[in-house]
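Trainee: I would like the atomic coordinates for the input below:
(chains A and B)
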Number of protein chains: 2
Amino acid sequence: MSWFEPPFHSALLQQAVDAFTRLPGVGKRTALRMALYLLKQPKEDVERFGTAFIRLRNEVKYCAVCSMLSDTDVCPFCADVRRDKTIICVVESVRDVMSIEQTGHYKGQYHVLGGIISPIDGVGPDDLTIGALLERVSRGEAQEIVLALSTTMEGETTSFYISKQIDALSAQVRITAIARGVGFGDELECADELTLGRAIQNRQPFGYTNINKT
Amino acid sequence: MSWFEPPFHSALLQQAVDAFTRLPGVGKRTALRMALYLLKQPKEDVERFGTAFIRLRNEVKYCAVCSMLSDTDVCPFCADVRRDKTIICVVESVRDVMSIEQTGHYKGQYHVLGGIISPIDGVGPDDLTIGALLERVSRGEAQEIVLALSTTMEGETTSFYISKQIDALSAQVRITAIARGVGFGDELECADELTLGRAIQNRQPFGYTNINKT
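Mentor: Model prediction:
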């Protein structure tokens, strides 16, 4: 298929294509395909389609406790009385909460930082919800803080910063981090030296790391 | 990245992800990435984003003459007095007009069928704008009808049907079809027998098909 130089002959089409092009991973061709697809759909469906994004952006909230995306003032994770209140898992983003929930292996609380410390992107500790996390720790309900950040330089820096800040509170709280090691399904020869080195140091009784044991 | 089973904890997020998933070529993961991306954009931008699709669907028109998608009652191609009124190029879709326009080699009129005859999909001649095309031919302005449909079975059937209908009008009009042959940049050994056979039969004086000559 050949491509078409903007501007299109139709400003309405142009605007819809431009809108789609703003999305991550959508090029001009895909955007045109999407716009022409919408033209074939019933009006009510397209109305619902467009409104879904506007409603999401305008009506969604962030949990007053953990900053997780939520339809309500307090998110379902914080509001759920069956979840363990003594453990808080600290993550970078909304998506990380969803990933961890999907595993089914965690039934505690969350705390969404809203990013990680990254001087190169101009993100400092004050841009994140670290203050709110420290307040939660000060309130004394939590007995363990699990740092579940990326293993990048920025992630490690953020973990280190948070652990120092919590230490400074002199609270009775254990700070842990998710295990680093060779992922399930990974070839050993493909693991980098640092990961493999850590995996050997932190070896576990056999059976503990078994894929079938949950 | 792991995937998350619906339903999400947020109905607003769920609706936005569902909306994106309806688009061609967008899976659940991509849809979630898009929805979370929108959440980071300014409210006005998301408002404009959502409205663009609703406006496109509700306000766009189809040209009263050629059925091309248009912001106005008569499309810019039909309204442009500099374009040749004596030649009508018959295409399947709005997109085909855009493809042909992009070549810069055609300055005549168009006629958009809105599909092709395809009994298997329940599309017959009456579902297309063939009647309107025949009326245009009857008015006598056109001297040439260029059939520019796909080389599929359905495309050939539609071309044949239209040519028969035009013949029946006994109008003074020449019916042509776009050239079939080996595409520029195609390896000869990759061309199928039918295409290659036609290309040899319909050989042209050298230079005529040269890529540099426009």
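
Trainee: when you work out contacts or count neighbours from here on, use the C-alpha atoms and nothing else.
Mentor: OK.

Trainee: for residue A:169, which residues are in contact?
Mentor: A:134, A:138 (CA atoms under 8 Å, 6 or more residues apart in numbering or on different chains).

Trainee: and the helices in chain A, which stretches?
Mentor: Per DSSP state H, chain A carries helices over the ranges A:11-21, A:28-39, A:43-59, A:76-79, A:94-103, A:130-138, A:153-168, A:193-201.

Trainee: check which helices and strands the third one sits against.
Mentor: When contacts are defined as 3 or more CA pairs under 8 Å, 6 or more residues apart in numbering or on different chains; DSSP states H and E, helix A:43-59 packs onto helix B:11-21, helix B:28-39, helix B:43-59.

Trainee: now do the fifth one
Mentor: Secondary-structure packing of helix A:94-103 (3+ CA pairs under 8 Å, 6+ apart): strand A:109-112.

Trainee: show me what the strand it packs on is packed against.
Mentor: Strand A:109-112 packs on helix A:76-79, strand A:87-91, helix A:94-103, going by 3+ CA pairs under 8 Å, 6+ apart.

Trainee: could you redo the last one with a cut-off of 7 Å?
Mentor: strand A:87-91 (3 or more CA pairs under 7 Å, 6 or more residues apart in numbering or on different chains; DSSP states H and E).

Trainee: keeping just the C-alphas, turn the strand it packs on into PDB.
Mentor: Taking Å, rounded to 0.1, in the frame of the first residue of the first chain, the C-alpha atoms of strand A:87-91 are listed here in PDB:
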ATOM      1  CA  ILE A  87       2.800  -5.600  54.200                       C
ATOM      2  CA  ILE A  88       3.200  -2.900  51.600                       C
ATOM      3  CA  CYS A  89       4.600  -3.600  48.200                       C
ATOM      4  CA  VAL A  90       6.300  -0.500  46.600                       C
ATOM      5  CA  VAL A  91       6.000  -0.400  42.800                       C
END
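
Trainee: that one close to chain B?
Mentor: No: residues of strand A:87-91 are not located near chain B by CA under 7 Å from any CA of the partner chain, the shortest gap being 14.6 Å.

Trainee: among the helices and strands packed on helix A:43-59, which is nearest residue A:86?
Mentor: Proximity to residue A:86, assessed across the helices and strands packed on helix A:43-59 by CA to CA, is greatest for helix B:11-21 (27.6 Å).

Trainee: now do that closest one, average pLDDT.
Mentor: For helix B:11-21, the mean per-residue pLDDT is 94.

Trainee: report the buried residues of it.
Mentor: Using 16 or more other CA atoms under 10 Å in any protein chain shown as the test for burial, helix B:11-21 gives B:12-21.
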